[in-house]
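Chemist: Please work out how this folds:
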Amino acid sequence: MKKKVLIIHRGYPLGTNAGDKVRTLNMAKSLQRIGFQVFLLGFYTKGFSLKKKEIEELPEGIKPLFFYTLPNRFRLHNIAALYRAILTWLICKHYSIDLVQGELASAANCVRFLPKLPLITDFHSDIVPELEMDGYLSYQIENAKCENIYAIKRSTKTITVSANLRKNLSVYGNTDAPNYVLPCNFVAEPYLNFTMEKRKAMRIEYGLDDRILLCYSGGLHVWQCISETINLVIELRKRNPAYFLCIFTNDSIEPYKDKLSFLENSYMVKSLKHDEVPAHLLMADVGFVLRANSLVNINSSPTKTSEYMAAGMMVVATQYAGDVPQLIEDSGCGYTLNAPVASPDEIESLDHKIAQFMSNRHDEFEKTRKFIFEHRVWEVNECILNQLYQDL
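Modeler: Modelled structure (predicted):
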């Protein structure tokens with residue numbers, strides 16, 4: 001008989017393709033393939049009308065268990081945590097669950113009434129510095145710290161998205177639990193059949209085949225250094241007017257309109273559906289992952305880096321962009337800045353690096369894709385996950 005694994009996600013985002021949800025579903029599908037019967041317990045705070053569609057779109061064979069939970073604000077966190085813990089206890093008893101995998105530290109508290117049940121906690125990040133950066137209230141930050149402490153203490157094994165994250169989580173307590181690093185690898189399928197011919201066709205469609213396309217894809221949060229990215233493109237264009245910036249986002253560009261005007265119409269902002277992103281990344285040459293010096297960034301493993309490289313791009317990052325500098329060093333397909341505001345020497349050096357990349361575009365396209373498909377597809381994580389679960 002198959003062992004039963006319950007995957008818990010405390011803030012499940014119904015109806016969206018948020019990164020933590022994509023990772024959670026990849027985990028669920030991998031555990032299925034490894035040989036487990038998988039149950040997905042998702043606590044949501046909004047989006048009830050999307051619940052039915054969410055269930056219909058789940059991978060076949062995964063048992064969905066979606067329940068509304070009170071939000072962790074207005075000082076309701078203790079009541080909400082108690083409700084989730086009781087419900088989790090009932091579910092584990094009813095379905096005879098053998099193992100629990102918590103997505104994010106916040107899920108660990110759900111098994112507090114099940115002390116003998118093995119718990120694997122997947123730390124996507126350390127939420128505490130994120131809350132501090134976003135100006136959350138002190139009791140919310142303290143609650144997040146307590147969740148981290150409990151998750152580290154309670155977990156049989158842990159997963160982190162980067163070695164940096166595991167190291168920095170030690171401030172919440174030491175543990176002998178084995179840790180496994182599973183980066184935010186990408187799903188390969190949408191990128192498999194990319195060719196230089198398809199790239200050229202996309203560029204011709206947009207009238208951009210004679211330009212050097214610099215790309216940012218994703219949200220426009222302050223910590224993603226959008227202003228600094230635009231400033232860098234402005235400086236690069238002083239050296240070569242062929243540079244053209246593509247921003248693919250579903251967020252409002254309004255805060256950056258004045259700054260974008262300095263690009264003199266050498267930019268494009270486009271909102272894309274999730275399944276439209278890969279084809280649009282294909283036409284670009286350089287992808288940006290600029291990050292400032294903060295634990296939020298240092299601990300991270302941005303999936304967009306792998307997606308850029310799977311589309312044949314070189315990557316420009318800062319030294320604080322999580323595991324990206326290591327990927328650039330290992331692949332030789334990119335450039336690492338010291339900080340989000342590049343020095344004149346760095347701008348000159350980066351311009352030269354891009355020129356080299358463009359002069360041998362076909363070979364660089366193949367080299368970049370070969371590296372990332374060998375090192376960062378989700379199947380690599382699945383092999384590690386299989387090892388993790390061997391003795392449980």
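Chemist: average model confidence for stretch 82-99?
Modeler: Here stretch 82-99 scores 97 as its mean pLDDT.
Chemist: residues in contact with it?
Modeler: Here stretch 82-99 makes contact (C-beta atoms under 8 Å, 6 or more residues apart in numbering) with 3-6, 8, 10, 36, 39, 41, 43, 63, 65, 67, 69-70, 100, 109-114, 117-120, 389, 392. The C-beta positions use only the backbone N, C-alpha and C, and glycine is treated the same way.
Chemist: So what's the gap between that stretch and the chain middle?
Modeler: 28 Å (C-alpha atoms, centre = their mean, to the nearest Å).
Chemist: Stretch 383-392 too?
Modeler: Distance, centroid of stretch 383-392 to centroid of chain: 22 Å (C-alpha atoms, centre = their mean).
Chemist: One more: stretch 71-88?
Modeler: The answer for stretch 71-88 is 26 Å, by C-alpha atoms, centre = their mean.
Chemist: got it, and stretch 26-33?
Modeler: 17 Å.
Chemist: That one: which residues count as buried?
Modeler: 26-32 (16 or more other C-beta atoms under 10 Å).
Chemist: re earlier: so which of the contacts of stretch 82-99 belong to strands?
Modeler: Cross-referencing these against strands under DSSP state E gives 4-6, 8, 39, 41, 43, 63, 65, 67, 100, 119-120.
Chemist: Show the buried residues in the residues you listed.
Modeler: For the ones in strands among the contacts of stretch 82-99, buried by 16+ other C-beta under 10 Å: 4-6, 8, 39, 41, 43, 65, 100, 119-120.
Chemist: Reformat these as JSON lines; add distance to residue 205.
Modeler: Below are those laid out as JSON lines (distance: C-beta to C-beta, whole Å):
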{"residue": "4", "distance to residue 205": "49"}
{"residue": "5", "distance to residue 205": "45"}
{"residue": "6", "distance to residue 205": "46"}
{"residue": "8", "distance to residue 205": "44"}
{"residue": "39", "distance to residue 205": "44"}
{"residue": "41", "distance to residue 205": "44"}
{"residue": "43", "distance to residue 205": "43"}
{"residue": "65", "distance to residue 205": "44"}
{"residue": "100", "distance to residue 205": "48"}
{"residue": "119", "distance to residue 205": "50"}
{"residue": "120", "distance to residue 205": "45"}
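Chemist: Quickly check the residues you listed for the two that are furthest apart.
Modeler: Within those, 4 and 43 form the most distant pair, 19.0 Å apart (C-beta to C-beta).
Chemist: which non-adjacent residue is nearest residue 173?
Modeler: residue 152 (5.0 Å; C-beta to C-beta, 6 or more residues apart in numbering).
Chemist: Might one say that that neighbour is in contact with residue 172?
Modeler: Yes - Residue 152 is in contact with residue 172 according to C-beta atoms under 8 Å; the separation is 5.4 Å.
Chemist: State the mean pLDDT of the host helix or strand of residue 150.
Modeler: According to DSSP states H and E, residue 150 maps onto helix 138-154. Helix 138-154 shows an average pLDDT of 94 in the prediction.
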